[in-house]
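Participant: test case, fold it:
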Amino acid sequence: MKYFLLLVPFLMATHFLTAQIKVNHIAVHVSDLGESKEFYSSILKLQEIDEPFKDGLHAWYDIGSGAALHLIEAEQVPREISKTNHLCFSMSDMDGFIARLRAAEYPFEDWPGEKGKITTRPDGVRQIYIQDPDGYWLEINDDF
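Facilitator: The predicted structure is shown next:
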């Protein structure tokens, strides 16, 4: 029993050192909440979920695995836009998504920036890039 009591603090410390984390939400500043909600609902087909603030400046979307996308309307939207800094969503039906983009005449491009093209990574995952209403880059891939 004495050795067990000495072992408990070690086991607890080990648990905290190896505990996993999970993504809760990703927050994105937007300049026009209505326009951004239309994009994330209509183009990406994300499901809007309950919004805790109820102030007309926030929207939340389910992005799977218990994570959410949190849109925040703000006057000072960051203006440094880079394709390297992007959100990535994986889709089970990327071909259907691309067809929907083409039907809506919504532009997409590959990693180098060629319009209407698809990048295939060395591991076989296909990816395209689109921009939301504020110019943020989103990678869409088929690594679902």
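Participant: okay, now the closest residue to Trp111 other than its chain neighbours: neighbour count?
Facilitator: Spatial nearest neighbour of Trp111, excluding adjacent residues (C-beta to C-beta, 6 or more residues apart in numbering): Thr119 at 4.4 Å. (Glycine included, C-beta is placed from N, CA and C.) Neighbour count of Thr119, defined by other C-beta atoms under 10 Å: 16.
Participant: give me the pLDDT for Thr119.
Facilitator: With respect to pLDDT, Thr119 scores 97.
Participant: OK, contacts around it?
Facilitator: Shown in contact with Thr119 (C-beta atoms under 8 Å, 6 or more residues apart in numbering): 110-112, 126-128.
Participant: swap in Ile130?
Facilitator: 43, 101, 106-109, 137-138, 140.
Participant: secondary structure class of it, three-state.
Facilitator: strand (DSSP: H, G, I helix; E, B strand; the rest coil).
Participant: any idea which element Asp95 lies in?
Facilitator: helix 94-103 (DSSP states H and E).
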